[in-house]
Each structure stands twice: as C-alpha cells, then as structure tokens.
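Participant: sequence first, then the predicted structure:
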Amino acid sequence: MKALLSPRNLAVAAIIVLLALVPVYTRGTGNPYLLSLFTRIVILAMAAVSLNLIMGFGGMVSFGHAAYIGIGGYTVGILAHEGMASGLVQWPLAIAVSALFALVIGAFSLRTRGVYFIMITLAFAQMVYYVGVGLERYGGDDGLTIYRRSQFGGLLNLADKTVFYYLCLALLLVTAYVVWRLVNSRFGLVIQGSRSNDRRMRAIGFPTFRYKLACFVIAGTICGLAGALLANHTEFISPAMMHWTRSGDLIIMAVLGGMGSVLGPVIGALALLLLEEALPGVTEYWQIILGPLLLAVVLFARGGLDGMLASLRHG
Amino acid sequence: MLFIEQCLNGLQVGLLLFLLAAGLTLVFGIMDLVNLAHGSLYMVGAYFAATFTALTGCFLAGIALALGATLLVGMAVEVIAMRRLYGRDHLDHVLGTFGLILFFNELVRLVWGPAGKTLPLPSWLNRSIEILPGVPYSMYRLSIIVVALAVALGLYVVIMRTRFGMLVRAGASNREMVGALGINIRLLYTFVFGVGAALAGLAGMMQAAILTAQIGMGENFLILAFVVIIIGGIGSIRGAFVAALFVGFVDTVGRTFLPELLKLVLSATAASTAAPALSSMLIYLLMAAVLVVRPAGLFPAATR
C-alpha cells in the first residue's frame, strides 16, 4: 500500500485525472484553444510512448519515428481526398500501412547498431518526407486540407471536439497499458536483455533480430495510429508533420519524461509542449531558454522528470 | 556543355559538404561525439563573414576574421558544453546538441534579426571565366573548388604528416594512453573541435555568398553531411572525401537531369514537383544501400 502511494504513482494518477478533466474545465471557461492544445499533447504523448518502447526498453534509438506519424496521417488524408471518409476503412489501413513501412525500415535498419542505427532511421524518415514533398496530387510541400474528419457512422462523432479528445485519451491509456504489458512479458524481457547485451542473448538461444523487429513494428504501428489521430485533429496533412525535428521532439519527450518507465514520455510530452506554450509569453526569444534547458536535463537529470519523481521516495 | 557545368557544380557542392563533414567526422571519430549542432557553427560562420566583410569592406579580411571568430566560438562551445558530453550515451549527444541548435538559431535571430544577411562578392570573383573554349563558368564557384581542395590536402598533410596529427590519431585510438604519456588531451580535444568548427564555418561563408546567410541554413546541409560520414565510415577523412564528392555529384546531377527524364513518363508539372524530391531521396537510398551492404560504411576506421 505504501509503495502504491509513492510520490511518483500519485503524480501519474494526478496527471491522468487532470487530463480527463480538461474538457470539463474548457467547457466551464469556454476556452476551446486549451482543449485543442491538450488534444495535441495527448496524441504526441502516444507517439512518444510508442517511441519509448523501442528506445527506452529496446535500446533502439530511432531518429525517424515521425515518419510513421506522417504515414498514418497521409493514409487518412489521401483516403479522405479520394472520397473515402469512413474511419472504419481509414484507420485500419493507416495502421496496416505504418506496420508495413516499419517492417521494411526495421528489416534494413536493424542490421546496423549504435550511431549507424540512429542515422539510417533518420535516412528512411527523410526518404518518406521527400515522398510527401513529391506527392503533387496531394499538395506536395504545401500539404492538403482534410474537409471531413473520419466518419464512424452513428458510433462516434469526431467533429465533436470533446468526443475526439476522450477518444485520443482513451487510446493513449490503451497504448500505455499495452506497452506496459509488453515490457513485463517474456517478449519484453528478451527485448530488454538484448538492450543490455545482444550477443549474450543470442548466445543463449534467442533470435534477437526477430524480437527487435517485432518490437520495432509494434512501435511504428502505434505511432501510425497517432498520425491518423493527428491528421484528424489538425484536419490538415503536410510533409512538415514528419520533419526530422518532429522526430527530435519525440526523442526529447521520451528523455525529458524519463525513458525508464512506460508513462515517462507522457510527462515529457506534457512538460515540453506546455513549455513551448508558456515560454513565448516570457520572451519572444523563448528557444534561447528551451535549448540550454534541454542540455541541462541531459547533463544533470539522468532519469528525466519521472526519475526525479521516483527518487523523491528515497530522498 | 550543361553536363560539364553540372559536374563542376556537383564537385563544388561535394567539396563544401566535405568541409562540413570533415569536422563532423573528426569529432565523431576522435571524441565519439554526435554533434547535431555542427550545422549551427556553419550558420554562425556565414553570419560572421557577412558582418566582418561589411565592417572591413574587404572580402578576404572578412573571411579571415570570421574564420578566427568561428574557431573561438567552437572552442568556447566545447569548453562550456561538449566537454561534459564525452563518454555519455549517443542519445544524450543527440538531445543535448539538439538543444544547442535551438539556442544558436534563436541567438542569431536575437543578434542579427530574422532577415537573412547577404555576403556580396568582390568584382574579381563575381564574374565568369572560360574554363574550356566555349564553356564559361563562375569564377567564384571555381575558387570554392580550389580553396576546398587545398583545405582537403592541408588536412591530409596535417593529420598524416605532423606531430599534431599524430597526437590526434593517437587520441582517437586510445585516449587514456595519450593522456598517460603527458599530453594535455583536453586541450587537444578543444582545439580539434575548434578546427572542426572553423571548417564548418568556412563552408557556411562560402555558401552564404551564393545563397544568403539565414537562420537554420545549416540543418538540411548537416543531415547531408551526416549521410556523407555514414557512407564514408565514421572517423575516416578519406571516406568523408570520397562520399562527399559522390553525394554532391548525385544531388546536383540528379536535380538537373531527373526532371528531363521524368518528363518522358509524367506530365511536365508533375515531373517538376517530383524530380527534386526524387533526387533528394536518391541520396538517402544510396546511404541505406551502403549500410545494408557494409554496416560500418565504405572506409571504416580501424579503431572503431
């Protein structure tokens, strides 16, 4: 019972409750912008949680994770543009296409390790980015407006911003649960073992390549779904949604929040995006604060915000 | 005629890439540091050159002052930030230097304002000469080729033939041993980082005279430089040289001739949109192919 009430668990519970209460607050104050901001936070948190599955637990630092956001988003956008508005077609297809891309990218990238892995994932993401730029029919560099959010018949009305927010939040929690179950399963232990010592895992008989590839595909798939959500949220797709700095942002969220835990990236996403909202109010040149802040987190806060919360119990 | 000119342009782009990649691969190979902020030094070099040229009224003096200033900025960055990142995880490098990019972009906006700066060429560079009968070529681009080739040769001589180069190579293979033999390895690293920064700055200022100095100008070029050092093999100057020329050539020639090729199968507007994207993709495709066949690049350095 004492362990359950640790500062860290209390903080996580508080964050979930706060996230669930956001629409109530915005309805009360009539501030639609805040709801839109938090929808974005929840969606990107989902992408960061998926990145953390391979990066934090698998040791696979992917610098191209935003590519799946783009792939999921473009699948939805292109289908909508071609007149197929049903979410029951769009979303499963977005998931399937992201999984397929992750399978191909992973199969090539996982042959390398270390910095080479970071760079080859970046290279693949750049390729996908330039495919987006080259798709003249779908707006090329300028992007494409989506006129109708995904249609789910009478089931869900995504045009209702509150419904959409709760759907995103529910999917984030499902994602976190799935990742948590995965990490603590035999599969997850193999992945974590391979992060610590890949050769040893192979020596005792685990075909780690297959395990890592499966993990890579799962992460890409979840991120593709987040992309489908993001396209629905912004009602717009463009190559900018998979720019390499977006991949950098996702890494920042995971590291800032703490890579050692499943929900760390959620805290990181909240912290980063809220900082990005708040700092411009302090000074026009807000990145001059954010940049060194990131450096300071790297240098002085090894476990991220989550690690700091966890250490409160001991200190 | 167009083909010769485009080949020379490819050579020029490749050599600029080499200047950026050389510093990156030195820092990477010797300090084992992934420095995303290398592109910021490229940008800072360009802004310095524009400012100093305007102040002194002399192109060469401006370039020389800017080179020195970029060297100093690089060394300061090393002492303040980079030094603490050595020996850390690569992920920490990516994140920390990503933060530095944000910082530098904003700092430049603060100091020089959001608009770009032009670096006007003196008249003796701003003309074209006939390199072959009937083939005119920009004097400035030609001088970039000459300067960069000279720098490449100089780097080779310094690294392979001097005592300083010997220390650099020794530091790359065994840091502790060099330190134990009484060499101030920290100072050596600071200086190597500064030289890398000056090389990046040189590339930036030479590019700035063709385009303009603008915020974020280094970032896309930096990714290309990373592609170059990955293809060439991390830590290998020779590999960086070969790969830079290759990438520069593919990029330039692809950009020029792909639209013509695509027009054979696509409509004119579709071809003109798809071609630049396709030739940009070509480089990454090349890199992925190289890594699949040789996971440590074309010329892997022996020590890592």
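Facilitator: Cool, the structure landed.

Participant: give the rounded mean pLDDT of stretch A:102-121.
Facilitator: When pLDDT is averaged along stretch A:102-121, the result is 90.

Participant: what's that stretch in contact with?
Facilitator: Stretch A:102-121 is contacted from outside by A:60-65, A:67-68, A:124, A:198, A:209, A:212-213, A:216-217, A:219-221, A:224, B:28, B:34, B:90, B:94, B:226-227, B:230, B:234, B:287-288, B:291-292, B:295-297, using C-beta atoms under 8 Å, 6 or more residues apart in numbering or on different chains. The way it works is simple: take the backbone N, C-alpha and C, and place the C-beta from them, glycine included.

Participant: and residue 203, how many residues sit next to it?
Facilitator: Picking chain A for this. Using other C-beta atoms under 10 Å in any protein chain shown, A:A203 has 9 other residues around it.

Participant: please go with chain B instead
Facilitator: B:A203 has 30 neighbouring residues, counting by other C-beta under 10 Å.

Participant: separation between it and A:I105?
Facilitator: Counting by C-beta to C-beta, to the nearest Å, the gap from B:A203 to A:I105 is 30 Å.

Participant: what of A:A80?
Facilitator: A:A80 sits 25 Å away from A:I105 when distances are taken as C-beta to C-beta.

Participant: can you pull the contacts of the closest residue to chain B within the stretch 101-250 of chain A?
Facilitator: The stretch 101-250 of chain A approaches chain B most closely through A:G134 (3.0 Å), counting by C-beta to the nearest C-beta. Taking C-beta under 8 Å, 6+ apart, we find A:G134 in contact with A:140, B:273-274, B:276-278, B:281.

Participant: which ones among those are found in helices?
Facilitator: Assignment to helices by DSSP state H places the following of the contacts of A:G134 there: B:273-274, B:276-278, B:281.

Participant: which ones among those come in contact with chain A?
Facilitator: B:273-274, B:276-278, B:281 (C-beta under 8 Å from any C-beta of the partner chain).

Participant: any low-confidence regions in the chain?
Facilitator: Reading this off chain A. Scanning chain A for pLDDT under 70 picks out the ranges A:1-4, A:312-315.

Participant: that answer is for a different chain, and I need it for chain B
Facilitator: Where chain B drops to pLDDT under 70, the residues are B:301-304.

Participant: three-state assignment of the spatially most central residue of chain A?
Facilitator: Residue closest to the average C-alpha location in chain A (C-alpha atoms, centre = their mean): A:A47, at 1.0 Å. On the three-state scheme (DSSP: H, G, I helix; E, B strand; the rest coil), A:A47 is labelled helix.

Participant: and it, how close does it get to A:G227?
Facilitator: Applying C-beta to C-beta to A:A47 and A:G227 gives a distance of 8 Å.

Participant: anything in contact with each of these two?
Facilitator: Common neighbours of A:A47 and A:G227, using C-beta under 8 Å, 6+ apart, are A:68-69.

Participant: please name every helix or strand in contact with the longest helix along chain B.
Facilitator: Criterion DSSP H: the longest helix present in chain B is helix B:2-31. Helix B:2-31 sits against helix B:38-56, strand B:135-138, helix B:139-161, helix B:163-173, helix B:185-210, helix B:217-232, helix B:237-263, with contacts defined as 3 or more C-beta pairs under 8 Å, 6 or more residues apart in numbering or on different chains; DSSP states H and E.

Participant: buried residues, it. List them.
Facilitator: Neighbour-count burial for helix B:2-31 flags B:5-6, B:8-31 (criterion: 16 or more other C-beta atoms under 10 Å in any protein chain shown).

Participant: go on, stretch A:27-43?
Facilitator: The neighbour-count check on stretch A:27-43 (16+ other C-beta under 10 Å) flags A:35-43 as buried.

Participant: can you redo those as a markdown table with distance to A:I15 and secondary structure?
Facilitator: Formatted as a markdown table, the buried residues of stretch A:27-43 follow (distance: C-beta to C-beta, whole Å; DSSP: H, G, I helix; E, B strand; the rest coil):
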| residue | distance to A:I15 | secondary structure |
| --- | --- | --- |
| A:L35 | 17 | helix |
| A:S36 | 19 | helix |
| A:L37 | 15 | helix |
| A:F38 | 12 | helix |
| A:T39 | 16 | helix |
| A:R40 | 16 | helix |
| A:I41 | 11 | helix |
| A:V42 | 11 | helix |
| A:I43 | 16 | helix |
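
Participant: which pair in those residues spans the largest distance?
Facilitator: Spatial extent of the buried residues of stretch A:27-43 (C-beta to C-beta) is set by the pair A:L35 and A:I43 at 12.7 Å.

Participant: pull the contacting residues for A:A219.
Facilitator: Counting by C-beta under 8 Å, 6+ apart, A:A219 makes contact with A:50-51, A:53-54, A:62, A:65, A:102.

Participant: could you save these as a markdown table and add columns showing neighbour count?
Facilitator: Output for the contacts of A:A219, formatted as a markdown table (neighbours: other C-beta atoms under 10 Å in any protein chain shown):
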| residue | neighbour count |
| --- | --- |
| A:S50 | 29 |
| A:L51 | 28 |
| A:L53 | 28 |
| A:I54 | 27 |
| A:S62 | 30 |
| A:H65 | 31 |
| A:A102 | 29 |
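
Participant: follow-up on the earlier one: who's in contact with the residue nearest to the centre of chain A?
Facilitator: A:65-66, A:68-69, A:222-223, A:226-227, A:250.

Participant: those residues in helices, which ones?
Facilitator: Of the contacts of A:A47, the ones assigned to helices by DSSP H are A:66, A:68-69, A:222-223, A:226-227, A:250.

Participant: since that was my last question, I'll sign off now.
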